[in-house]
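S.K.: Here's a sequence, model it:
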Amino acid sequence: MATDKGVLYLQFSIAEQRFALDVREVLEVLPRRALKPIAQAPAWVAGVLAHRGALVPVIDLSALSFGSPAPSRSSTRLVLVHYRGDPLRPDLPLGLVLEQATDTLRCPEHEFQPYGLDNDNAPYLGPVRQDGQGLVQRIRIDDLLPDTVRQLLYPPEPGQAPT
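M.R.: Model prediction:
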């Protein structure tokens, strides 16, 4: 949804820090729902959601980023996004548990600038933008899952070689 006014972003919080997702990556925003846990998955993998006839893996972005799960609040949402991190399947649904995912922000993409840190353990943390409320950091969806977790959540289809 780029316009002359900029791109629309969904804002959310993790540990009282602000983050943003490009709404062009968002499939649907749902209330938080019960999930089926996945055995032997990292603690930040929240489980699987049965949604519209499909099983969608869900990760808790708070647990991934800072080690503690998102609190259960009325503003905590389950956001379904396009995950394009698998080269053989370029558009998979992925669920994200996000705190305070209730506001949007519209701004030009160029207002998000690199912040000078290279965090190999969190490649999904993108550039930042400063405004009157402080910093907001963009999340890169396709960089959320390390290869081992991607292969766990999206195993090869029959006849498909593992990536």
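
S.K.: Next secondary structure element downstream of the lengthiest strand in the chain?
M.R.: Counting by DSSP state E, the longest strand found in the chain is strand 92-107. Following strand 92-107 in sequence order, the next helix or strand is strand 125-131 (DSSP states H and E).

S.K.: on contacts alone, who are the packing partners of that next one?
M.R.: Strand 125-131 sits against strand 134-139, with contacts defined as 3 or more C-beta pairs under 8 Å, 6 or more residues apart in numbering; DSSP states H and E. Yep, even glycine has a C-beta here, placed from its N, CA and C like the rest.

S.K.: buried stuff in the strand it packs on?
M.R.: 136, 137, 138, 139 (16 or more other C-beta atoms under 10 Å).

S.K.: ok, the longest strand of the chain: who's next to it in the sheet?
M.R.: Partner strands and pairing direction for strand 92-107 (DSSP bridges) are strand 7-14 (antiparallel), strand 54-60 (parallel), strand 77-83 (antiparallel).

S.K.: ok so, going back, between which two of the buried residues of strand 134-139 is the distance greatest?
M.R.: Pairwise distances across the buried residues of strand 134-139 peak at 10.3 Å for 136 and 139 (criterion: C-beta to C-beta).

S.K.: Identify the contacts common to the two.
M.R.: Shared contacts of residue 136 and residue 139 (C-beta atoms under 8 Å, 6 or more residues apart in numbering): 19, 20.

S.K.: export the strands paired with strand 92-107 to CSV and tack on mean pLDDT?
M.R.: Shown next, in CSV, are those (pLDDT from 0 to 100):
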stretch, mean pLDDT
strand 7-14, 95
strand 54-60, 96
strand 77-83, 96
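
S.K.: Which one, of those, ends up nearest to residue 31?
M.R.: Proximity to residue 31 (C-beta to C-beta) singles out strand 77-83 among those, at 6.7 Å.

S.K.: Can you give the contact residues for that closest one?
M.R.: Contacts for strand 77-83 (C-beta under 8 Å, 6+ apart): 10, 12, 21, 25-33, 49, 51, 56, 58, 91-98, 101-102, 141-142, 144-145.

S.K.: Tell me the buried residues in that strand?
M.R.: Going by 16+ other C-beta under 10 Å, strand 77-83 has these buried residues: 77, 78, 79, 80, 81, 83.

S.K.: Can you give me the distance of the fifth one to residue 61?
M.R.: Here the criterion is C-beta to C-beta, to the nearest Å. By it, residue 81 lies 11 Å from residue 61.

S.K.: related to what we said a few turns ago, what's the closest of the buried residues of strand 134-139 to residue 115?
M.R.: Nearest to residue 115 among the buried residues of strand 134-139, counting by C-beta to C-beta, is residue 137 at 7.7 Å.

S.K.: Nice, that's everything, thank you.
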